[in-house]
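Colleague: Okay, predicted coordinates and the sequence, questions at the end:
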Amino acid sequence: MAVVAFPHRSPRRPGALRVLPAAGATIAHPPPMSRPRHRTRRIVHVSDVHFGSPGVTERTVPLLAAISDLAPSVVAVSGDLTRRAHPEQFREARRFLDALPSPYVVVPGNHDVPFAPWLRFHRRHARFLAHVADEAAPCFIDDDLAVSGMDTTRGFAIDGGRARRGALALVEERFAALPRTAFRVVVAHHPFTKQPGRRSSLAVQKARRALGVFDRLGVDAVLTGHRHETVVVPVTHVAREVERPFLLVQAGTATTYRGRCTERGRNSFVTLDVGRDDVVVVRHVYDPAEDAFVAERPQHFPRLPGPGPDVA
Ligand SMILES: [Fe+2]
Ligand SMILES: [Fe+2]
């Protein structure tokens with residue numbers, strides 16, 4: 001299987017490239033009994049860039065440099081691209097996305113829904129779709145990595161989100177035919193559980209419904225933002241009804257001054273290195289003295305067995 005859907009419109013990344021051998025070329029096949037080699041895949045998870053906020057444009061320079069150095073397979077951008085969903089803020093977000101070195105999956109956040117009532121209630125993603133992506137829940141799928149966006153925004157709520165049946169059905173449709181070995185990732189703006197240690201934090205509406213679907217589909221990681229503070233935890237630590245301990249990764253704000261709680265005034269993003277047996281998660285925090293994002297100590301999590309039958 002080699003299916004790739006790119007959610008962007010940048011002419012500099014025209015889509016999946018499959019390199020075919022030239023006529024007459026010799027194709028080297030591995031020995032028949034050799035074990036398939038696993039290549040580590042890297043996901044960069046960036047959130048809450050909030051273009052239109054003070055200092056964001058300047059902070060994207062070291063952010064883009066860090067992402068380029070990391071050479072990810074895919075970049076997940078989990079919403080709140082803008083401060084007020086103004087067209088010029090979306091245009092700035094567009095330039096940021098165009099400068100990324102890799103394919104990306106980007107979803108809208110609550111700040112990307114305009115306040116203007118007609119737009120808000122009838123075409124809440126009109127500006128996102130005009131400037132950012134062709135759909136509000138794009139995806140990236142290749143042989144061993146599947147990253148599906150999921151739209152959790154609402155017209156009737158300024159801040160909160162909802163796990164709608166249609167959005168979950170789209171994720172299910174995309175993940176249904178994946179091989180057991182594929183690493184399955186959902187990218188959404190709003191978190192699906194309360195934040196550990198923060199009793200006042202709210203999950204999306206119908207969060208239990210979503211967690212049940214993710215559990216059944218064999219999702220490996222759910223990447224969110226919104227709270228402007230990094231949290232990495234197996235879901236079973238915060239949602240006892242879930243059986244499969246997939247990872248919840250909540251990224252902080254990559255560029256604004258509005259980091260919260262332990263990340264007050266700080267900027268960060270996260271990387272996930274997906275190996276055959278484990279997933280290594282690293283937070284990268286902006287260091288003003290270096291004017292660069294600096295990697296912190298890695299956290300290791302076991303790779304979970306995928307759903308479905310073993311491949312012989
Ligand atoms: Fe935000
Ligand atoms: Fe948000």
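Modeller: Ah, there it is. Ligands and ions are numbered 1, 2, ... in the order given.
Colleague: and the residue of the stretch 101-250 of the chain nearest ligand 2?
Modeller: Per Cβ to the ion, residue 226 is where the stretch 101-250 of the chain lies closest to ligand 2, at 3.8 Å. C-betas here are computed from N, CA, C, even on glycine.
Colleague: That residue belongs to a strand, doesn't it?
Modeller: No: Residue 226 sits outside any strand when classified using DSSP: H, G, I helix; E, B strand; the rest coil, being coil.
Colleague: Tell me where the stretch 51-200 of the chain has helices.
Modeller: Using DSSP state H, counting those that start in this stretch, the helices assigned to the stretch 51-200 of the chain run over residues 56-70, 87-98, 117-122, 126-131, 165-175.
Colleague: Near ligand 1, which residues of the protein? Just list them.
Modeller: 48, 80 (Cβ under 5 Å from the ion).
Colleague: Helix or strand with the lowest mean pLDDT in the chain?
Modeller: Here the helix or strand of the chain ranked lowest by mean pLDDT, DSSP states H and E is helix 117-122, holding a mean of 82.
Colleague: mind listing what's buried in that helix?
Modeller: Neighbour counts using 16 or more other Cβ atoms under 10 Å place 119, 120 of helix 117-122 among the buried residues.
Colleague: now do stretch 237-249
Modeller: So for stretch 237-249, counting by 16+ other Cβ under 10 Å, buried means 238, 239, 242, 244, 245, 246, 247, 248, 249.
Colleague: Excluding residues flanking it in the chain, which one is nearest the first one?
Modeller: So the one you mean is residue 238. Nearest residue to residue 238, sequence neighbours excluded (Cβ to Cβ, 6 or more residues apart in numbering): residue 193, at 4.5 Å.
Colleague: Please give me every residue in contact with that neighbour.
Modeller: Residues in contact with residue 193 (Cβ atoms under 8 Å, 6 or more residues apart in numbering) are 203, 207, 211, 235, 238, 239, 248.
Colleague: one more time with 6 Å
Modeller: 203, 238, 239 (Cβ atoms under 6 Å, 6 or more residues apart in numbering).
Colleague: Please apply the same query to residue 277.
Modeller: Per Cβ under 6 Å, 6+ apart, neighbours of residue 277: residue 303.
Colleague: Just the pLDDT at it, thanks.
Modeller: Residue 277 is assigned 94 on the pLDDT scale.
Colleague: now swap in residue 194 and tell me
Modeller: 88.
Colleague: Next: residue 306.
Modeller: Per-residue confidence (pLDDT) for residue 306: 86.
Colleague: what helix or strand is it on?
Modeller: Following DSSP states H and E, there is no helix or strand that holds residue 306.
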